[in-house]
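Engineer: here is a sequence with its predicted model. Questions after.
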Amino acid sequence: MSRRRLRPEELDLWQQVARSAERLPGRKTQFREEDIPQRPGKPVVVRETIPSFALGSATLPRTETHDFSGTTVERLKKAPLRMDAKVHGRLKRGKLAPEARIDLHGMTLDQAHPALMRFILSAHAKGLRLVLVITGKGSREEPYDPAPRRRGVLKTQAPRWLALPPLSQAVLQVSEAHQRHGGSGAYYVYLTRRG
């Protein structure tokens, strides 16, 4: 099947349209005035140049994706101070005596979570302000263990539970206990005022 040739009136119409066309803003002209067909039958070939590229050159730089939040104690130290600064200073030095304590040491996670919830909510209902949560330091790491294990699961999990509802409504501040009250194996939990 052969292509038909443009009639003279079609060619005139095309030239009028080509002269009245305006370039889009921000775009370079792909053809010149001389590229418009003058004779019928001559095919117009417009070659677009493809810009050179390298794989990944258009991607955005990746930010750091690792979360190095540190140990539980480091996170608690970085947490904003929500209680009175003088009282917190006395608390860190071990000058305040806890009004109640719970020992979660030796419990499984399934046993410890409900026990901690009952203890904190009942202490808050009684109007207590400072309680001690003993978690233990966790078992020693075995140097010849083929796979590393988390040390002190309760020590890690207890502050997370205290930060979640319903306990978060009763807890004002959590910090590591002073050496005389258990040191790194216990937490001071300072409760909000009741009512």
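Structural biologist: Structure received.

Engineer: mind listing what's buried along stretch 172-187?
Structural biologist: 172-178, 181-182, 184-187 (16 or more other Cβ atoms under 10 Å). Just so you know, the C-beta spots here come from the backbone N, C-alpha and C atoms, and that holds for glycine as well.

Engineer: try stretch 95-115
Structural biologist: Neighbour-count burial for stretch 95-115, counted by 16+ other Cβ under 10 Å, picks out 96, 98, 100, 102, 104-105, 107, 112-113.

Engineer: end-to-end on that stretch?
Structural biologist: Separation of the first and last residues of stretch 95-115 by Cα to Cα, to the nearest Å is 27 Å.

Engineer: tell me the mean pLDDT for the helix or strand hosting Gly89?
Structural biologist: In this structure, Gly89 sits in helix 85-92 according to DSSP states H and E. For helix 85-92, mean pLDDT rounds to 91.

Engineer: next helix or strand past that helix?
Structural biologist: Reading on from helix 85-92 to the C-terminus, the next helix or strand found by DSSP H and E is strand 100-103.

Engineer: mind listing what Gln169 touches?
Structural biologist: If you count contacts by Cβ atoms under 8 Å, 6 or more residues apart in numbering, Gln169 has them with Thr192.

Engineer: distance of Arg193 from His124?
Structural biologist: For Arg193, the distance to His124 equals 9 Å [Cβ to Cβ, to the nearest Å].

Engineer: out of those two, which sits in the busier spot?
Structural biologist: A count of neighbours by other Cβ atoms under 10 Å puts His124 above the other of Arg193 and His124, at 21 against 8.

Engineer: quick check on that one: phi, psi?
Structural biologist: Dihedral angles phi and psi of His124 (degrees, to the nearest 10) take the values phi -70, psi -40.
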